[in-house]
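J.: Below are the sequence and a predicted model for it; my questions follow.
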Amino acid sequence: MSSKVRTVRGDISAESLGVTYMHEHLIIESEIVKKDYEHIYLPSTEDAVAEVMLCKKAGVQSMVDCMPTGSGRNPQKLRKISELTGINIIATTGLHHDRYYKNDDEIEKLRSSQLGQLFINEIENGMDDTEIKAGIIKVVTSGSEIKDREIKLFEAAAIAHDKTGISIISHCEHGKGALEQIKLFTKLGIKLNRVTLSHTDKENDHGYHRELLSSGINVEYDQSLRQFNGEQPESALLTIAMIEAGYLNQIMLGTDGARRSLWSALGGKPGLSWLYSGWGKKLKELGATEEQVERLFITNPAEVLSFSS
């Protein structure tokens, strides 16, 4: 049994991932996004290559692109970006919020068992009629009350996870609903150490985070680029506090950098590269050791993204 990670250019050893961003958005292209969410419309391979190259120069080696099935994902563009930059990219199956899909989208009509098989196919055979395979499963909730559509999605993710061993990453809207997600994951028999909760640092209640992490689940903090001007940013202080509380091995970092205004290549700031070059330095200024920062960026993502064959 060997531990590996599934990328858009094939499987690689978990040890070769290196510095990893756990929640990125390199390509988002759909008519819905173009019309209704222009600030996150990212159709350009050229722009993405330019931004990713800046990350590579800063020392980043791998990225998880978190746009899932049918919501603006483009596997071929992701592979092209990976080929041109040398950065490992892990693509995502699963579903996003219903706002990213047309009301009559066929995918919305599928039962949980059918969705589960779709996700399995994207992991084992390829996405969108390509041979490019997904390496993580995404689920979402829109608040503290989990809707029927979301329950169906979680059930489908459980089916795919059970069959493939691929881990799950979740979207917690405004950082909320994580405790309810934990209850549902547990009910579905999913081991919480194979799940990562995203965006929870939008909620700054340290007690809330201790309760989440005490369950054994992982978190991905991604508010750094929105707090880059602060001397003692809330998300950085939260990260230090959770490390001191004993949860170092369950924390990962990303940018959730879908907004065009955050990309250096598009004239924004501070740029995706700043997560590693600037935020990592900030964490060390606030008390984290070099070894702890390495754990956040390298060891933890490798453990979460890996599966056995």
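T.: Yes, it's here. All of these numbers come straight from a predicted model, not from anything done at the bench.
J.: Give me the buried positions along stretch 141-151.
T.: Of the residues in stretch 141-151, 141-142, 146, 150 count as buried by neighbour count, 16 or more other CB atoms under 10 Å. All C-beta atoms are positioned from the backbone trio N, CA, C, and that covers glycine.
J.: from the residues you listed, which two are the most distant?
T.: Based on CB to CB, the longest span within those runs between S142 and I146 and measures 8.4 Å.
J.: Need the residues touching each of these two.
T.: Among the neighbours of S142, those also in contact with I146 (CB atoms under 8 Å, 6 or more residues apart in numbering) are G177.
J.: In strands, which of the buried residues of stretch 141-151 appear?
T.: Mapping the buried residues of stretch 141-151 onto strands (DSSP state E) picks out T141.
J.: Which one of the buried residues of stretch 141-151 is nearest to W279?
T.: Distance to W279 across the buried residues of stretch 141-151 (CB to CB) is lowest for T141, with 26.4 Å.
J.: from what I can see the closest one touches C172, true?
T.: Yes. Checked against CB atoms under 8 Å, the pair T141 and C172 is within contact range at 6.6 Å.
J.: intersection of neighbour lists for those two?
T.: Each of Q181 lies in contact with both T141 and C172 under the rule CB under 8 Å, 6+ apart.
J.: how much space between the residue nearest to T299 when sequence neighbours are not counted and N193?
T.: Ranked by CB to CB, 6 or more residues apart in numbering and with sequence neighbours excluded, the top spatial neighbour of T299 is N249, at 7.8 Å. With distances defined as CB to CB, to the nearest Å, the gap from N249 to N193 amounts to 9 Å.
J.: I32 now?
T.: Distance, I32 to N193, by CB to CB: 34 Å.
J.: Check the average confidence over stretch 96-115, would you?
T.: Averaged across stretch 96-115, the pLDDT comes to 96.
J.: quick one: buried residues of that stretch?
T.: By neighbour count with 16+ other CB under 10 Å, stretch 96-115 contains the buried residues 96, 98, 100-101, 110, 112, 115.
J.: Can you give the strand pairings for the helix-or-strand element of the chain with minimal mean pLDDT, parallel or anti for each?
T.: Of all the helices and strands that make up the chain, the one with the lowest confidence by mean pLDDT, DSSP states H and E is strand 307-308; it has a mean of 90. Using DSSP bridges, the strands paired with strand 307-308 are strand 3-7 (antiparallel).
J.: Now do the buried residues in the partner strand.
T.: In strand 3-7, counting by 16+ other CB under 10 Å, buried: 4-7.
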